[in-house]
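Asker: show me how the following folds:
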Amino acid sequence: MKKNGALDSSYGAFAHPKGKQHKIGEAGHPLANYLSILKSDLSEPFDHRLNDIDKYMRTSMVSTRLVAMTEGNGIKAPEKLEGYFKAMAICWLLGLGSLVAWNSVLTIGDYYGVLFPNYHPSRVLTLVYQPFAFISMGILAYKEATVNTRKRILVGYTLFFIGTLMMIVVDLATSGHGGIGPYIGICAMVGVFGVADGHVQGGVIGDLSLMRPEFIQSFFAGLAASGALTSALRLMTRAAFEKYHNGLRKGTIMFLALSTFIEFLCIFLYAMYFSKLPIVKHYRSKAASEGSKTVMADLAAGGIQTQVDIEAIPQRLTTKQLFIQNYDYALGLFLIYALTLSIFPGFLFENTGEHKLGTWYPLVLIAMYNVLDLISRYTPLIPCLKIENRKGLMIAIGLRFLFVPAFYFTAKYADQGWMILLTSLLGFTNGHLTVCLMTVAPKGYMVSEHV
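Answerer: I've put the predicted structure just below:
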């Protein structure tokens with residue numbers, strides 16, 4: 001008998017990592033269920049049943065081998081996995097870092113509106129960002145089975161860091177003057193943000209989908225927190241520097257400097273700390289035993305060396321098969337953000353008219369959207385508010401398109417109070433439906449469901 005839960009050569013007994021042994025025929029032995037099949041299901045050809053037993057035993061050997069390696073490195077899978085709350089906090093910070101750069105660009109739209117009044121930056125920058133994000137995410141999704149997830153995520157955060165740093169450099173090099181040259185430079189950096197977003201969000205969500213739904217919820221809460229944080233800071237910097245010469249520019253530079261620091265923090269946390277948490281090691285080891293090839297580099301970074309028998313790994317679904325099974329979720333997510341981005345931020349900056357708040361009005365609208373978006377990322381934690389029915393989700397997503405005529409008539413006939421209320425509802429439905437969809441979609445595929 002081998003140590004740490006390995007099988008003996010005769011398959012006569014099986015030892016769990018804790019040392020408990022089961023004889024053939026006893027509950028708990030890997031062959032128990034298949035022995036009952038051999039006795040009862042006589043309609044199945046005998047050689048087919050033997051193949052099923054062989055496949056199951058080789059799969060069991062993969063799992064036990066990973067357990068042995070894990071414990072050999074001093075990492076156990078206790079009943080209450082360690083590092084849960086630390087992992088939740090890091091997921092939140094990773095979510096914050098994956099959108100803080102883009103939200104900074106949105107929130108300082110008033111500065112770019114003054115700097116480039118003839119180029120409509122609030123609309124154009126969104127149009128630049130989305131294609132780069134969509135195309136890069138699509139390519140990486142197509143190649144996901146062979147992409148090193150660790151490198152993908154680190155490349156994404158590094159691009160965010162470089163992009164925010166270069167935006168500061170462009171502004172300092174031009175002394176805050178407008179013109180087509182600096183505008184093209186800003187657009188190029190926004191394109192880099194799109195590519196970085198395609199690397200980070202798809203990679204992190206895919207990684208966390210192998211773990212617990214709470215981690216996904218925390219990551220999405222961090223996404224919303226980036227908007228709320230940037231809006232709050234923008235209001236404070238606008239108030240603090242408004243009376244100073246170049247006050248708008250000074251606030252913008254401080255903003256981008258904070259974003260750069262957050263991106264550096266995300267690089268450090270993911271590269272040096274997240275992979276070493278016991279709960280993260282545990283779920284990634286389980287994912288590797290179930291056929292995931294993308295977690296190997298993360299396991300190595302956490303101190304776990306794996307040698308998986310490829311023939312013993314259960315057959316995994318292709319990207320096409322997964323898409324066919326979840327096309328409604330994919331369509332729903334697309335419709336959520338297609339509607340949101342058709343209104344936010346371009347419409348709110350340019351088509352809401354003149355009101356008592358003056359130049360503060362767009363900033364207040366953006367802030368209200370971000371605050372309600374953040375709050376709504378936590379409402380799915382209340383069971384009675386979480387939408388888990390697929391048809392119910394699609395109906396709720398479809399009803400959001402009523403916002404289009406609502407915003408049109410509110411901008412034309414109503415006052416600023418109604419517009420603030422409508423913008424808040426847009427943010428709330430965006431966050432709530434996103435988290436409901438993204439925590440429900442991985443069910444049935446998640447490693448944590450089999451732990």
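
Asker: how about the helix or strand where Ser259 lies: buried residues?
Answerer: For Ser259, the host element (DSSP states H and E) is helix 247-272. Of the residues in helix 247-272, those with enough neighbours to count as buried (16 or more other Cβ atoms under 10 Å) are 248-249, 251-253, 255-256, 258-260, 262-267, 269-270. No exception for glycine: its C-beta is placed from N, CA and C like everyone else's.

Asker: neighbours of Pro383, how many?
Answerer: The number of residues packed near Pro383 is 7, by other Cβ atoms under 10 Å.

Asker: dump the residue contacts of it.
Answerer: Contact analysis of Pro383 by Cβ atoms under 8 Å, 6 or more residues apart in numbering lists nothing.

Asker: quick check: it vs Leu339, distance?
Answerer: Between Pro383 and Leu339 the computed distance is 27 Å (Cβ to Cβ, to the nearest Å).

Asker: go ahead and confirm Asp197 touches Gly156.
Answerer: Yes. Asp197 sits in contact with Gly156 when judged by Cβ atoms under 8 Å, with a separation of 7.3 Å.

Asker: more crowded one of the two?
Answerer: When neighbours are counted by other Cβ under 10 Å, Gly156 comes out ahead of the other of Asp197 and Gly156, with 29 against 24.

Asker: against Val280, how distant is that one?
Answerer: In this structure, Gly156 lies at 18 Å from Val280, with Cβ to Cβ as the measure.

Asker: what touches both of Asp197 and Gly156?
Answerer: Taking Cβ under 8 Å, 6+ apart as the contact rule, the neighbours common to Asp197 and Gly156 are Ser98.

Asker: which residues of the stretch 301-450 of the chain fall in helices?
Answerer: Listed from the start of the chain, the stretch 301-450 of the chain has helices (DSSP state H, counting those that start in this stretch) covering 319-325, 327-343, 346-350, 361-376, 390-399, 403-413, 416-440.

Asker: need the winner for burial among those.
Answerer: helix 361-376 (a mean of 23; mean count of other Cβ atoms under 10 Å).

Asker: what residues does it touch?
Answerer: Outside helix 361-376, the residues that touch it by Cβ under 8 Å, 6+ apart are 103, 106-107, 109-110, 221, 224-225, 227-228, 230-232, 234-235, 238, 344-345, 348-349, 352, 355, 357, 416, 419-420, 423-432, 435.

Asker: cool, stretch 166-181 as well?
Answerer: Judged by Cβ under 8 Å, 6+ apart, the contacts made with stretch 166-181 from elsewhere in the structure are 105, 115-117, 182, 185-186, 189, 192, 246, 249, 252-253, 256-257, 260.

Asker: excluding its backbone neighbours, what's nearest Phe255?
Answerer: Ser104 (5.4 Å; Cβ to Cβ, 6 or more residues apart in numbering).

Asker: typo on my end, it should be Gly109
Answerer: Nearest residue to Gly109, sequence neighbours excluded (Cβ to Cβ, 6+ apart): Ser122, at 4.5 Å.

Asker: pretty sure Thr434 contacts Leu333?
Answerer: Yes. Here Thr434 lies in contact with Leu333, judged by Cβ under 8 Å, at a distance of 7.3 Å.

Asker: what helix or strand is Pro182 on?
Answerer: Using DSSP H and E, Pro182 falls within helix 180-208.

Asker: just checking, next helix/strand downstream of that helix?
Answerer: Going down the chain from helix 180-208, the next helix or strand is helix 213-241, by DSSP H and E.

Asker: could you list the buried residues of that following helix?
Answerer: Under the neighbour-count criterion of 16+ other Cβ under 10 Å, helix 213-241 has 213-231, 233-235, 237-238, 241 buried.

Asker: how about low-confidence regions in the stretch 251-400 of the chain?
Answerer: In the predicted model of the stretch 251-400 of the chain, residues 290-316, 346, 349-355 satisfy pLDDT under 70.

Asker: low-confidence ranges, the stretch 51-200 of the chain, go.
Answerer: Scanning the stretch 51-200 of the chain for pLDDT under 70 picks out the ranges 51-81, 145.

Asker: from Phe219, how far off is the nearest residue to Leu357 once chain neighbours are set aside?
Answerer: Using Cβ to Cβ, 6+ apart and skipping residues adjacent in sequence, the residue nearest Leu357 is Val364, 5.9 Å away. Between Val364 and Phe219 the computed distance is 28 Å (Cβ to Cβ).

Asker: got it, and Ala239?
Answerer: Taking Cβ to Cβ as the measure, Ala239 falls 31 Å from Phe219.

Asker: now swap in Ile153 and tell me
Answerer: 12 Å.

Asker: returning to what we had before: quick one: the helices of the stretch 301-450 of the chain as TSV, columns for distance to Asp171 too.
Answerer: Compiled in TSV, the helices of the stretch 301-450 of the chain are given as follows (distance: least, Cβ to Cβ, whole Å):
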stretch	distance to Asp171
helix 319-325	41
helix 327-343	25
helix 346-350	20
helix 361-376	20
helix 390-399	39
helix 403-413	32
helix 416-440	29
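
Asker: in what helix or strand does the closest residue in space to Gly191 that isn't next to it in sequence lie?
Answerer: In this structure, Gly191 finds its nearest non-sequential neighbour in Phe132, 4.7 Å apart by Cβ to Cβ, 6+ apart. Taking DSSP H and E as the definition, one finds Phe132 inside helix 121-142.

Asker: all set, thanks.
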